[in-house]
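Asks: how would this look folded up:
(chains A, B and C)
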Amino acid sequence: MPELPEVERGRLIAEAVGIGRTIRTVRCRPDRIVFCDQSPATVSRRLKGRTMTAACRHGKQLWLEFDTGPALLLHFGMTGAVHGYDDESDRPKFWKIELEFEGGRRLAMPDARRFGRIRMRDDPRGEPPISGLGFDPLLDLPSPARFRKHLAGRNGTIKGVLLDQSFAAGVGNWIADEVLYQAKIAPDRRVGELDDGELERIRRRLGSVISKAVAVNSVSAKFPRTWLFHHRWGRPDEASTARGEPIEFATVAGRTTAWVPSVQS
DNA sequence: CTCAGTGTTCAGTG
DNA sequence: TCACTGAACACTGA
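Replies: Next comes the predicted model:
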């Protein structure tokens, strides 16, 4: 369920397992969809024997850097993740790539539904897909003035803009809904008609929702009880928030959208 | 058996 | 050209 906070959790796992360690063995499953640029054999060849120096993230893109050669760039799609473990018996179901480091620690990326992507990049920040991304709300939340400037010229619904990775990188469907609920803005408002006060509420909530989710390592049971998040799944008929506010479901920007008409306008 | 889905991309439309 | 919509992608699990 990877939006920014879960990708950050993956980054922390990769960092804890791999930093300063050399890859002894690379295993890849044959998969022409997930390995969209380079074949599994090429990826394996380019990673074996290299020492991991960093685990980085921008939005939903996660990449591992090494002492030499290209970075390994991972995108989780709908169902990807990073797992760290020691024993082969703990290898996750649906694994696509496994790095085994000296000393036996392993990292794997599973991806049951194959919307994830595994690529290699010489200059990850300078090349697509990362080069086309907007600001990362955790690492670089813009000032109010910069936020307004970045928004200028955009036209669609505010929800559509929040989901646009070239605007803010890492926001997915539930985070967009959560931000708009807490900011008290209806998801289908046009961005051009939002005043400075409304934009500032959105900007602040974008920062706070993501920071909080990351602070609890994306363990959703630890999200505040007041969050819409806990009440939206499965589209229950008479859904309501912890405060008793009725939740409505709609399609906005092509996605299932949960919102609270009595709060959001 | 049917269907929705926490993501992204692309063809088609206005 | 832009902005937006809906379908497609591939598969699981409810």
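
Asks: Going by C-alpha atoms from here, please, whenever you check contacts or count neighbours.
Replies: OK.

Asks: Get me the contact residues on chain A for DNA strand C.
Replies: A:33, A:112-115, A:153-157, A:160, A:252-254 (CA under 7 Å from any atom of the strand).

Asks: Who wins on neighbours among these?
Replies: residue A:160 (22 neighbours; other CA atoms under 10 Å).

Asks: these two touch, right, that one and residue A:255?
Replies: No: shown here, residue A:160 and residue A:255 do not form a contact pair, counting by CA atoms under 8 Å, at 9.0 Å.

Asks: can you list residues touching both of those two?
Replies: With CA atoms under 8 Å, 6 or more residues apart in numbering applied, the contact sets of residue A:160 and residue A:255 do not overlap.

Asks: rewinding a little: let's have the residues of chain A next to DNA strand C in TSV, adding pLDDT, secondary structure and distance to residue A:55.
Replies: As requested, the residues of chain A next to DNA strand C are arranged in TSV below (pLDDT from 0 to 100; DSSP: H, G, I helix; E, B strand; the rest coil; distance: CA to CA, whole Å):
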residue	pLDDT	secondary structure	distance to residue A:55
A:33	89	coil	24
A:112	90	coil	23
A:113	86	coil	24
A:114	88	coil	22
A:115	89	coil	22
A:153	82	coil	34
A:154	86	coil	33
A:155	83	coil	35
A:156	87	coil	34
A:157	91	strand	34
A:160	92	helix	30
A:252	90	strand	34
A:253	89	coil	32
A:254	87	coil	33
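
Asks: In contact with the closest residue to DNA strand C within the stretch 1-150 of chain A, which residues?
Replies: With CA to the nearest atom of the strand, the shortest gap between the stretch 1-150 of chain A and DNA strand C falls at residue A:113, namely 4.0 Å. Contact analysis of residue A:113 by CA under 8 Å, 6+ apart lists A:78, A:79.

Asks: Repeat that for residue A:250.
Replies: Neighbours of residue A:250 in contact, by CA under 8 Å, 6+ apart: A:256, A:257, A:258.

Asks: and those residues, which of them are in strands?
Replies: Residues of these located in strands (DSSP state E): A:256, A:257, A:258.

Asks: Go ahead and confirm the last one touches residue A:231.
Replies: No: the pair residue A:258 / residue A:231 is not scored as a contact, 9.1 Å apart, by CA under 8 Å.

Asks: higher neighbour count, the two?
Replies: residue A:258 (27 against 17).

Asks: Give me the pLDDT value at the more buried one.
Replies: On pLDDT, residue A:258 comes in at 92.

Asks: Could I get the phi/psi values of the residue of the stretch 1-150 of chain A closest to DNA strand C?
Replies: Torsion angles at residue A:113 (phi, psi; degrees, to the nearest 10) stand at phi -100, psi 0.

Asks: Counting neighbours, what do you get for residue A:243?
Replies: 10.

Asks: is it fair to say it lies in a strand?
Replies: No: if the criterion is DSSP: H, G, I helix; E, B strand; the rest coil, then residue A:243 is coil and not within a strand.

Asks: Check chain A for its longest helix and report it.
Replies: helix A:196-215 (DSSP state H).

Asks: what sits up against it?
Replies: By CA under 8 Å, 6+ apart, helix A:196-215 touches A:4-6, A:8-9, A:137-138, A:141, A:144, A:147-148, A:175, A:178-180, A:182-183, A:185, A:219-220, A:223.

Asks: Tell me where the model's unsure across the stretch 101-250 of chain A.
Replies: Across the stretch 101-250 of chain A, no stretch falls below the confidence threshold (pLDDT under 70).

Asks: so who does the residue in chain A that DNA strand C sits nearest to touch?
Replies: Nearest residue of chain A to DNA strand C (CA to the nearest atom of the strand) works out as residue A:156 at 2.1 Å. By CA under 8 Å, 6+ apart, the residues touching residue A:156 are A:190, A:191.
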